[in-house]
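>>> One predicted model, sequence on top.
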Amino acid sequence: MTEDIFQGYKGHALEVLKNFNVRVWSQCTVETTRGTFIGTILPRSENDDDKHIVMKIPTGYNVGLDVDTIRSMKETGYKKANYKIPEKEFPYTQGLPKVKLIGTGGTIASRLDYRTGAVIPAFSPGELYGAVPELANICNLTTEKIFAVFSENMAPENYKKLAIAIGKEIEAGVDGIVIGHGTDTLHHTAAALTFMVQNSPVPIVLVGSQRSSDRPSSDAALNLMHACTAAGHGDIAEVMVCMFGPTSDEYGFLHRGTRVRKMHSSYRSTFRTIGDTPLATITRKGVTPIKPVYNHRRKDRNVKILPYFEEKVAIVYYYPNMQPDIIDSLVQNGYKGIVIAGTGLGHVNKPIYPAIERASKAGVAIYMTVQTLWGYVHMFVYDTGRDLMAKGIVPAENMLPEVAYIKLGWALGQTSDLEEVKRLMLTPINDEITKREPYNGYLVYQGGVREVEEFIRKVRK
């Protein structure tokens, strides 16, 4: 047997495969001390250990078999898998809305690379139709991949390029826009596009998935169908994030781009509207608004594109015993804006005061948010807050820290006049600042207590 049929295997695991004359990609029955396993032998990550053989079982999940537990292996078939989904030209149906899908990368457009064991952005937007043919029943979809990056690599240049591309598509007459995006910084991009693309006449829907397309529990297909439905048929013409609502596939949420945040590393229902309710629920049948006030779809092509961003802006998460050199180093390195996520109502320790005063005198715009996420900055309550405002810090009301960071970069990208920056920062564009938090805008309950467990039993069978 040649080495190329043992892709990624080495050491003890390689010896076991050779001993039983079993190849990678073969269908195989494996007897172990823990029972019998039937499935397909997969390549190993070249960076992993030599103590496991990986098998894809009929459910679609992968399991690792400890080589020391294997008693026998028998090949029952062989077919090398092709995990690339071919691109297909999207069919045109008279009467369906025109939706443009802009690809940026991320799990919504990815597959598993068995060579490294990593999820990589490998599907072009055109391939998404091959994966989700139901999209053809929702809209007439055209696609364009303007870049392919993991969301942690999204940068201001990407935001600006997206905003300009959206403006061109609106001018060209599309009925809605979907943006495929990785979930980790999806809320940052949603905020950036809210500020850069104003008064849109059509829905702009950012969508991602928590689980890659090759997993049985992937949310990619349903999220895409929901996003295309919202973009093509919905009446809400705003920048929105479309992701799972509950952990099941009953419905999705449409979140306003300035009030949404990723709140769990792996749950499919990870995105939450903070300090408010979502805009709407979404199913394949259509959009059901939750909030009574929103920007409605229009027939005109008027949109304001403001693709500005100053990159020398930082967000600082305050912690006890933070030293003043953190602030001083930002000023010395030419930063023009700082957003602080402070404690409580917007506080930091007194040793930082002189550094804040130095930064303010140097012309740095400094804004305070709260690391509690829910709630408002109230710096008039304690002398700590009053002292900080006197030294130049501006309260950012109930803007989320990441949203304040994005908006400050956007504002400083247009002007260095700190009074004009303040005007831009404290003038709401689309609910990044709200007058009040509704009674049901803060729902964080603890498991284990009687009333919560009773509620959970009613909704989770």
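In hand now; what should we look at?
>>> which SSE is the residue lying closest to Y445 once chain neighbours are set aside in?
Using CB to CB, 6 or more residues apart in numbering and skipping the chain neighbours, the partner closest in space to Y445 is V452 (4.9 Å). In short, each C-beta sits where N, CA and C put it, glycine included. Using DSSP states H and E, V452 maps to helix 450-459.
>>> Model confidence at the closest residue to G176 other than its chain neighbours, what's the number?
Leaving aside its sequence neighbours, G176 sits nearest to A231 (CB to CB, 6+ apart; 2.9 Å). pLDDT recorded at A231 is 98.
>>> Quick check: A231 vs R211, distance?
In this view, A231 and R211 are 22 Å apart by CB to CB, to the nearest Å.
>>> In terms of neighbours, single out the busier of these two.
A231 (30 against 16; other CB atoms under 10 Å).
>>> so where is the stretch 201-350 of the chain shaky, pLDDT-wise?
Confidence mapping of the stretch 201-350 of the chain against pLDDT under 70 gives the ranges 212-216.
>>> hmm, try it at 80
Along the stretch 201-350 of the chain, segments meeting pLDDT under 80 span 211-218.
>>> Strands of that one, start to end?
Per DSSP state E, counting those that start in this stretch, the stretch 201-350 of the chain carries strands over the ranges 204-207, 239-244, 252-256, 260-262, 271-273, 280-283, 286-289, 304-305, 313-317, 337-342.
>>> TSV for the ones you listed, including mean neighbour count and distance to I138?
Below are the strands of the stretch 201-350 of the chain laid out as TSV (neighbours: other CB atoms under 10 Å; distance: least, CB to CB, whole Å):
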stretch	mean neighbour count	distance to I138
strand 204-207	29	12
strand 239-244	28	13
strand 252-256	27	14
strand 260-262	24	23
strand 271-273	23	21
strand 280-283	21	12
strand 286-289	16	10
strand 304-305	14	27
strand 313-317	19	38
strand 337-342	26	39
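>>> Tabulate those strands (a markdown table), appending distance to A192.
Formatted as a markdown table, the strands of the stretch 201-350 of the chain follow (distance: least, CB to CB, whole Å):
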| stretch | distance to A192 |
| --- | --- |
| strand 204-207 | 10 |
| strand 239-244 | 9 |
| strand 252-256 | 14 |
| strand 260-262 | 13 |
| strand 271-273 | 16 |
| strand 280-283 | 22 |
| strand 286-289 | 24 |
| strand 304-305 | 12 |
| strand 313-317 | 12 |
| strand 337-342 | 14 |
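>>> Name the residues that touch the helix holding V452?
Residues outside helix 450-459 that contact it (CB atoms under 8 Å, 6 or more residues apart in numbering): 246, 445-447.
>>> mind running it again at 7 Å?
445-446 (CB atoms under 7 Å, 6 or more residues apart in numbering).
>>> Tell me how many other residues crowd the residue nearest to Y445.
Residues contacting V452 under the criterion other CB under 10 Å number 12.
>>> now swap in K391 and tell me
18.
>>> Any idea which of the strands of the stretch 201-350 of the chain gets closest to T59?
For T59, the closest of the strands of the stretch 201-350 of the chain is strand 239-244, at 20.6 Å, according to CB to CB.
>>> which strand in this protein runs the most residues?
In the chain, with assignment by DSSP state E, the single longest strand is strand 70-78.
>>> hmm, back to that, same question for the helix holding V452: list its buried residues.
Neighbour counts using 16 or more other CB atoms under 10 Å place no residue of helix 450-459 among the buried ones.
>>> so what pLDDT did D68 get?
D68 is assigned a pLDDT of 95 by the prediction.
>>> Show me what the longest strand of the chain is packed against.
strand 26-32 (3 or more CB pairs under 7 Å, 6 or more residues apart in numbering; DSSP states H and E).
>>> can you pull the alpha-carbon coordinates of the strand it packs on into PDB?
Provided in PDB are the C-alpha atoms of strand 26-32 (Å, rounded to 0.1, in the frame of the first residue of the first chain):
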ATOM      1  CA  SER A  26     -12.900   3.000   2.700                       C
ATOM      2  CA  GLN A  27     -16.200   1.900   4.200                       C
ATOM      3  CA  CYS A  28     -15.200  -0.200   7.100                       C
ATOM      4  CA  THR A  29     -16.500  -2.300  10.100                       C
ATOM      5  CA  VAL A  30     -14.400  -1.900  13.200                       C
ATOM      6  CA  GLU A  31     -14.500  -4.100  16.200                       C
ATOM      7  CA  THR A  32     -13.300  -2.500  19.400                       C
END
